[in-house]
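[1] What follows is a predicted protein model with its sequence.
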Amino acid sequence: MVNHGITLNFSPSLRTPKSTVEGSVDLDVGKIKERGIVAVTASLVGVLRTSANLRSINDRVAPKSASEWRTLVNLRTTLWQLDTNIDDDKADPSSMGLLNIPFSFTMPDDPDLPPSFDQLTDNGSASIKYYIQIVGKLKAWYKLNIWINRPFTFVPFDDTPPPSILGANTRTWREEVSIRRSLFGGRQAKVEVELILPDLPSLPLYQPIPIQLHIHCYSKPLPESSSSDPATFQFPKPPRSAHDISLRLYSFAGVTAETYYATGHEDRGLVAGFGVQDKKALKQGWNDNVTVDVSPPIWILEGDSKKEGRWTQEVTFNSLMTLQCPPSFKHGLVHTSYHLQALVPFPGLGNNVLLKTSSLKISSGLYRDGEREHDANLTLDLPPSYWEVSEAHEA
């Protein structure tokens, strides 16, 4: 990497409205003068970018696309400027050494300022990025300035009242599916899946939210003679480990770019300790906090004749879900929401039971409350592309 004499010292921790965004810049004054830099500035920048792609069903027709770019925040201060009235041989020696220059900005207190966000799908993309930019302005007008961009995350304050999660009313989503063990498996068995969450105006980030997954399995109709033998209940048996069930969070984004509009969903990953976690940082003990309650098989009568019935068995999974995704928002060119999707697999072709919740609103869970400082370790789950530190310099 080329040494341009400018080093940025900055922590990319989470910020909220009126948060202080501060850091410092190390300047090797001799080096930056040698490279023809006449001024160094620091800026706090927020940018919204969108793109939308429209594809034809005819592969020979080229897809149409559009993009838009808007500045949300742009605050700037000058850190250092070359004093052209002083010759280098007459300058104070300290002015040719190493300088550490602090900078400080305050995030705008604008309730419409959207959170950090990044989503890319085949239909389009949306990115809202906040970053500190350091620019070394070159004397030669025909050369590109030197710059460093380092991102950080931002979320607005929660505009909903702090929720009382414990003891709250609940909301239930339900899916019922008839299945067979094989294509020629005779009469159908049945599975009911319920997902239960607190009934809140919005689900807050950074707080454990109780979540329950209830699975009720019914055998195919069996003769009354099977009622005394639970071993005749062989399919479908409910899963007994959270490892076997996938529960994922999906984001939805509606994106406008010029006259085009596109929508897309993106998988934001497993939640609440369900499924097989593939992220190394989360893999250890991923399923440990999920509790499982398995009821014994019960025989129930089927039909009016009472000559047959079904075996039924229930299992209930209880867990806590802590969200770290960008909050839902609506801002000009972009609007977002979320949904949960549970996948419960059973043997046989096409026997997976898929349950999707309706649209969920997610809020930051951070409140003004005297505008006290929040936990410095809080962050947002964003793709690596958001966190890229970019630099440009003359060779």
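    On my side now, so go ahead. Numbering: from 1, shown residues only.

[2] Lowest mean pLDDT among the helices and strands of the protein, which one is it?
    helix 280-283 (a mean of 66; mean pLDDT, DSSP states H and E).

[3] Chain neighbours aside, what residue packs nearest to residue 337?
    Once flanking residues are discounted, residue 337 sits nearest to residue 359: 4.5 Å by C-beta to C-beta, 6 or more residues apart in numbering. Quick note: C-beta positions are derived from backbone N, CA and C, even for glycine.

[4] If you could redo that for residue 21, that was the one I meant.
    residue 105 (4.6 Å).

[5] Please give the number of neighbouring residues around that neighbour.
    By other C-beta atoms under 10 Å, the residues close to residue 105 number 19.

[6] So what are the sheet partners of the helix or strand hosting it and their directions?
    If you go by DSSP states H and E, residue 105 is part of strand 98-106. Strand 98-106 pairs in its sheet with strand 20-28 (antiparallel), by DSSP bridges.

[7] which residues sit against the partner strand?
    Residues lying outside strand 20-28 but in contact with it, judged by C-beta atoms under 8 Å, 6 or more residues apart in numbering, are 3, 5-11, 15, 40, 42, 44, 79-80, 97-107, 132, 134, 152.

[8] okay, that strand in CSV with CA atoms only?
    The C-alpha trace of strand 20-28 is given here as CSV (Å, rounded to 0.1, in the frame of the first residue of the first chain):
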residue,chain,number,x,y,z
THR,A,20,-20.9,12.2,18.8
VAL,A,21,-18.9,10.9,15.9
GLU,A,22,-15.3,11.5,16.6
GLY,A,23,-11.8,10.3,15.8
SER,A,24,-8.5,11.6,14.8
VAL,A,25,-6.1,11.7,11.8
ASP,A,26,-2.4,11.1,11.9
LEU,A,27,-0.5,13.3,9.4
ASP,A,28,3.0,12.9,8.3
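
[9] Just the buried residues of the contacts of strand 20-28.
    The neighbour-count test (16 or more other C-beta atoms under 10 Å) applied to the contacts of strand 20-28 identifies 5-6, 8, 10, 15, 40, 42, 44, 79-80, 99, 103, 105, 107, 132, 134, 152 as buried.

[10] Which members of those are positioned in helices?
    Using DSSP state H, no member of the buried ones among the contacts of strand 20-28 sits in helices.

[11] thinking again about what came up before, so what's the residue nearest to residue 21 up against?
    When contacts are counted by C-beta under 8 Å, 6+ apart, residue 105 touches 20, 21, 22, 42, 44, 75, 77.

[12] go again using 10 Å as the cut-off
    By C-beta atoms under 10 Å, 6 or more residues apart in numbering, the contact list for residue 105 reads 15, 19-23, 42-44, 73, 75-77, 132.

[13] one step back: let me know the next secondary structure element after the least confident helix or strand of the chain.
    Following helix 280-283 in sequence order, the next helix or strand is strand 291-294 (DSSP H and E).

[14] Note down every partner strand of that following strand and its orientation.
    strand 308-321 (antiparallel).

[15] Now do the buried residues in the strand it pairs with.
    By neighbour count with 16+ other C-beta under 10 Å, strand 308-321 contains the buried residues 308-319, 321.
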